[in-house]
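J.: need a structure here:
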Amino acid sequence: MVVLAELAFSTSDLAQVRFAVSPMWEVAPSFRLLTSAAAHPIHRPWADQVRPRVVAAGLNRGWLRELVPPTGGYVPDFLNPAPAGPAPTPAAERDAIRASPTDRVRQDLDHLARHQGNLGPRLRALHNGPQGLLAKVAAELETYWELVLAPYWARIRAVLDADILYRARLAAEHGAGHLLNALHTSVSWDDNALRMSRRKRPLTRTTAGTGLLLIPSVFTGPGLRTRTTPPDPPQLAYPARGVGSLWTKHPVPQTDTLSAVLGRSRTLLLTELEIPASTTQLAHRTGLSPAGVSQNLTALRNAGLVSAHRAGRSVYYARTAAAEALLQAASA
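T.: Numbers count the residues shown, from 1 in each chain. Model (predicted):
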């Protein structure tokens, strides 16, 4: 059944509208995309890189496989705790998941069972003893984050931050009503209420907390996702602007001037990290020795230009936002 959700706003609710960037809000939709049989037109370059890592780590048959149905539909709300600030760390969100109240976990799993028809043995065990098993769920979330999202987070975060800046300017220039009205094609603002069409569940102030938490996402797809667990504010995840260019390869920058400062090898490694890679992969691509690559990556990491992300025996290196800005400045 399709319903029209209508979320009324008091003056206090409107004063509590805020944005947040949430790493965990990217987990479920990105995992669903990776386990889908269809190739995504935008995210395919990323999916082709990380899908083998997901399979090798067994993440395609673990907790996430049962918690995130591949065909769509409900995802347990406890996997998306309300961000306490504008940009919580993945570790902070995992801590919140581990601390999820037993009643909340069981209620969410009951809801999931109604959608799926039943729960598998793993989720039945989680239902029976949440506090003993949430640590295992959080541990798998950490592995997934380090393998699949962390090496690309600087690039993803840039898109999310740009979206928030754009919408904050809309609110500053035209008011909060205009901001909400322009959020998504299925959303409209009128007469002190936010209306959302094509919803499967109603959304009212009697079933939601105060205010509104807006969360841009690069993986959520064309639609909207909501979370309503009072007393938390209702969360609304929407597709961020600029996702279409997220994985576009940038032209190779002119690095002669940068080489004079960093050295040829370190500049070469930075340019090669357009795609996050391991030491072995970088040595193969650049022709540098593995020992040389390791030494230079350590220097770049100490300078804040490279981040390292461990998952099992693998370590993937990625450019930071500072490195992206440095390469762009050198090209200019």
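J.: quick check: mean pLDDT across stretch 163-176?
T.: Here stretch 163-176 scores 91 as its mean pLDDT.
J.: ok, the closest residue to residue 60 other than its chain neighbours - how many residues close by?
T.: Using Cβ to Cβ, 6 or more residues apart in numbering and skipping residues adjacent in sequence, the residue nearest residue 60 is residue 54, 5.5 Å away. (C-beta placed from N, C-alpha, C; glycine too.) Neighbourhood size, residue 54 [other Cβ atoms under 10 Å]: 22.
J.: show me what contacts residue 54?
T.: 34, 60, 144, 147, 148 (Cβ atoms under 8 Å, 6 or more residues apart in numbering).
J.: Okay, and which of the residues you listed map to strands?
T.: Residues of the contacts of residue 54 located in strands (DSSP state E): none.
J.: coming back round to it: please give the element, helix or strand, for the residue nearest to residue 60.
T.: Residue 54 is located in helix 44-56, with elements delineated by DSSP states H and E.
J.: What are the buried residues along that helix?
T.: 46, 47, 49, 50, 53, 54 (16 or more other Cβ atoms under 10 Å).
J.: tally of neighbours for the residue lying closest to the second one once chain neighbours are set aside?
T.: Once flanking residues are discounted, residue 47 sits nearest to residue 34: 5.8 Å by Cβ to Cβ, 6+ apart. Under the neighbour criterion other Cβ under 10 Å, residue 34 is assigned a count of 24.
J.: start at 669 instead
T.: Yep, numbering from 669; the last one is residue 702 now.
J.: in terms of contact, does residue 702 touch residue 721 like I think?
T.: No: using Cβ atoms under 8 Å, residue 702 makes no contact with residue 721, being 9.7 Å away.
J.: Now do the shared contacts for the two.
T.: residue 816.
J.: tell me the domain ranges of the chain?
T.: Per automatic domain parsing, the structural domains of the chain span 671-912, 924-999.
J.: need the next SSE after the lowest-mean-pLDDT helix or strand in the chain, C-terminal direction.
T.: Least confident element among the helices and strands of the chain, by mean pLDDT, DSSP states H and E: strand 671-676 (a mean of 76). Sequence order places helix 679-683 as the next helix or strand after strand 671-676, per DSSP H and E.
J.: In contact with residue 873, which residues?
T.: Going by Cβ under 8 Å, 6+ apart, the list of residues near residue 873 reads 675, 676, 681.
J.: Now list the buried members of these.
T.: 675, 681.
J.: Please render the contacts of residue 873 as CSV that adds distance to residue 740 to the earlier fields.
T.: Listed next are the contacts of residue 873 as CSV, based on distance: Cβ to Cβ, whole Å:
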residue, distance to residue 740
675, 23
676, 28
681, 30
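J.: which one among the contacts of residue 873 gets closest to residue 820?
T.: residue 675 (32.7 Å; Cβ to Cβ).
J.: which one is that closest one nearest to, not counting chain neighbours?
T.: Per Cβ to Cβ, 6+ apart, closest to residue 675 is residue 862, 4.5 Å.
J.: Check for me that that neighbour belongs to a helix.
T.: No: counting by DSSP: H, G, I helix; E, B strand; the rest coil, residue 862 is located in no helix; its state is strand.
J.: hmm, back to that, what pLDDT does the residue nearest to residue 728 get?
T.: At residue 722, pLDDT is 92.
J.: how about the strands in the stretch 819-968 of the chain?
T.: 855-858, 861-867, 880-885, 893-895, 903-907 (DSSP state E, counting those that start in this stretch).
J.: for the longest one, what is the average pLDDT?
T.: Computed over strand 861-867, the mean pLDDT rounds to 82.
J.: Can I get it in CSV, CA atoms only?
T.: Only the C-alpha atoms of strand 861-867 are listed here, as CSV (Å, rounded to 0.1, in the frame of the first residue of the first chain):
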residue,chain,number,x,y,z
ALA,A,861,4.1,20.3,7.2
LEU,A,862,6.5,18.1,5.3
ARG,A,863,4.7,15.7,2.9
MET,A,864,6.3,12.7,1.4
SER,A,865,4.5,10.8,-1.3
ARG,A,866,5.0,7.1,-2.4
ARG,A,867,5.7,6.0,1.2
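J.: quick one, that strand and strand 903-907 angle?
T.: Angle, strand 861-867 to strand 903-907, by axes from the mean of the first three to the mean of the last three Cα atoms, to 10 degrees: 60 degrees.
J.: For strand 861-867, name the packing helices and strands.
T.: Applying 3 or more Cβ pairs under 8 Å, 6 or more residues apart in numbering; DSSP states H and E, one finds that strand 861-867 makes contact with strand 671-676, strand 855-858.
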